[in-house]
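> Dropping the sequence and predicted coords here.
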Amino acid sequence: MNTKQQSAISPRREDDYPEWYQQVVKAADLAENSAVRGCMVIKPWGYGIWENLQRQMDKRIKETGHSNAYFPLFIPLSYLEKEASHVEGFAKECAVVTHHRLEARDGKLVPTGELDEPLIVRPTSETIIGESFAKWVQSYRDLPILINQWANVVRWEMRTRLFLRTAEFLWQEGHTAHATAQEAVEETMKMLEVYREVVEDVLAMPVIVGEKIPEERFPGAVDTYCIEAMMQDRKALQAGTSHFLGQNFAKASEIKFLNQEGVIEHAYTTSWGTSTRLIGGMIMTHGDDDGLRVPPKVAPKHVVILPVVPKPETEAAVFEYAEALAAAIRAHSYNGSPIEVIVDRRDIRGGDKSWEWVKKGIPVRLEVGPRDIEGRKAVVYRRDQGPRDKAFVAFDEVVSGMPALLESIQKSYFEQAKAYRDANIRRDIANFDDFKKFFTPKNEDKPEIHGGFVLAKWSGDPEGLAKLQDLKVTIRCLPLEQSGTAGTCVVTGKPATRDAVFAKAY
RNA sequence: CGGGGUGUAGCUCAGCCCGGCUAGAGCGCACGGUUCGGGACCGUGAGGUCGAAGGUUCAAAUCCUUUCACCCCGACCA
């Protein structure tokens, strides 16, 4: 017997993390690269996860008073030119439509009919939504406008990675307009909290909530807030952003209203977004050396039943028992919807079948065979335990205990992720030498998993930013929870009052 | 857009330096069999205009030129 179990994913996380990530995406059948450079095909298992996340995010967005709407994919070039700093930020990496027809010439199709004004495939929709808002708003009575859009956007990234950075990605973008700065700021913070809640509760990813430093702000924003998660290679992933845009975009788009005093004023706007990147974050937060682990709240299927058929003549009885078990479980709900159960009747080898579901990260596997029928039991495997850890449980108990079992898995993923993250947040690094040591891998050629989050003082000095850049470390955020104490900047040694989270990032 | 690399079967690749029988392996796939509460094994079989175009040669996956695509490292980035 081989005592050291072989893992299903090769390489393991500790040996080559980026490659492990790619292999998990492949093994779990989440997505694949398409023929179009930088664009992915999201396969049913991956898209099912997105749909569940989307449904729950959408619910929270609507509960906080927003309505969904849809705006054009194409944005006239001149719209993007209206907001000066927005221009700087999005001056590059955009898909540009310059022609509006194709002509057949010598058996080829040639673009003709050049557009007077190029159209940009939206990288984000502030400008085109602002154009609509301007028409919709005349009086303070028309405010606030609280709109959300589910859409695809395109940013022509040079280097792409499935889910984490693709040229086209799916997201939601909220856009709101308000009569006062205070109300817009409150909106910004409210949606930041919605993101924290959904990402922690649904995706089971613990996050740090904070404010971006000026250099990291969204182009055109007055303030940018974010939630930051730690991946298992201890790098940070920005999991969502919420921006207070002040009157910058309102001025650019001329969103004006007559206030209670009869004075014309520009509105205050916000925007906020989360994307399919969250799925990348989920993979890197929960995945292990046997593949994906999907939190039950986003799993397209919660339970797979694997019929064990030792002899062909037992097949009918086993299938019948499996379907009866499935039906009984489906009658129960988890997280507000019926539990999703699949009976995998495919005629492939049992070991392969079982491992396939391990790699896909389904929360619960149930095996049923002739002996279980006899004892009216099932064999229960939980994805938050080892792939061979099994429990023999009575039929009725499996059924009635399923909601609690799923919730326990959901919780254990969050707890595991939080424990890992907290173990890798350093609060005791006070000078740049230690800081540098912390973020420098032992093996320069093939860096091992190293570093983590450093929580320390930051002076805000641009000179410090240059030093950070050399280390490839960034300031992820200034956490909303500040200690309020004075100290010295971990990078420059100058007096500093603000706490910052430093990390390498995706 | 800079620097490096790779294009050969569905996938991962060998063969290329030093041109030479009908272009190979492993995995996967199909069929048959033995096993099987299990990622097993044996056998048989299907599957490739060697990224594309041009050139050198009696002869090109292999040498030369051009071109396209993709990957890795930078800069950019949710």
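All right, it came through fine. Numbering: from 1, shown residues only, chains lettered A, B, ... in the order given.
> Compute the number of surrounding residues for whatever residue of the stretch 201-350 of chain A ends up closest to RNA strand B.
Ranking the residues of the stretch 201-350 of chain A by distance to RNA strand B (CB to the nearest atom of the strand) places A:Gly350 first, at 2.6 Å. For the C-beta atoms, the positions are set from N, CA and C on the backbone; glycine is no exception. Around A:Gly350 there are 15 other residues, counting by other CB atoms under 10 Å.
> what's around A:Trp136, how many residues?
Neighbours of A:Trp136 (other CB under 10 Å): 13.
> just the one 3 residues further on next, same as before
Using other CB under 10 Å as the criterion, A:Ser139 is surrounded by 11 other residues.
> Same check on A:Ile147?
With other CB under 10 Å as criterion, A:Ile147 counts 22.
> roughly how far out does whatever helix or strand it lives in sit from the chain middle?
In the assignment (DSSP states H and E), A:Ile147 maps to strand A:145-154. Relative to its chain's centre, strand A:145-154 lies at 16 Å (CA atoms, centre = their mean, to the nearest Å).
> packing partners for it?
helix A:44-63, strand A:67-68, helix A:126-136, strand A:168-178 (3 or more CB pairs under 8 Å, 6 or more residues apart in numbering; DSSP states H and E).
> of all these, which lies closest to A:Val294?
helix A:44-63 (6.3 Å; CB to CB).
> avg pLDDT for the closest one?
Helix A:44-63 shows a mean pLDDT of 97.
> Give me the residues contacting that helix.
Surrounding helix A:44-63, the residues in contact under the criterion CB atoms under 8 Å, 6 or more residues apart in numbering are A:25, A:28-31, A:42, A:68, A:148, A:150, A:163, A:170, A:172, A:174, A:191, A:194, A:197-198, A:202-203, A:274, A:276, A:278-279, A:282, A:294, A:297-301, A:360.
> Among these, which are located in helices?
Among the contacts of helix A:44-63, the members falling in helices (DSSP state H) are A:Val25, A:Met191, A:Val194, A:Glu197, A:Val198, A:Leu278, A:Ile279, A:Met282, A:Lys360.
> Any figure for the gap between the closest residue to A:Glu32 other than its chain neighbours and RNA strand B?
Spatial nearest neighbour of A:Glu32, chain neighbours left out: A:Val41 (5.3 Å); criterion: CB to CB, 6 or more residues apart in numbering. According to CB to the nearest atom of the strand, to the nearest Å, A:Val41 and RNA strand B sit 13 Å apart.
> does A:Val41 really touch A:Ser34, like I thought?
Yes. At 4.8 Å, A:Val41 counts as touching A:Ser34 under the criterion of CB atoms under 8 Å.
> Mind naming the longest strand for chain A?
Using DSSP state E, we find that the single longest strand of chain A is strand A:108-121.
> name the helices or strands packed onto it?
Using 3+ CB pairs under 8 Å, 6+ apart, strand A:108-121 sits against strand A:74-76, helix A:77-80, strand A:96-105.
> how about these in a markdown table, adding distance to RNA strand B?
Formatted as a markdown table, the helices and strands packed on strand A:108-121 follow (distance: least, CB to the nearest atom of the strand, whole Å):
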| stretch | distance to RNA strand B |
| --- | --- |
| strand A:74-76 | 17 |
| helix A:77-80 | 15 |
| strand A:96-105 | 14 |
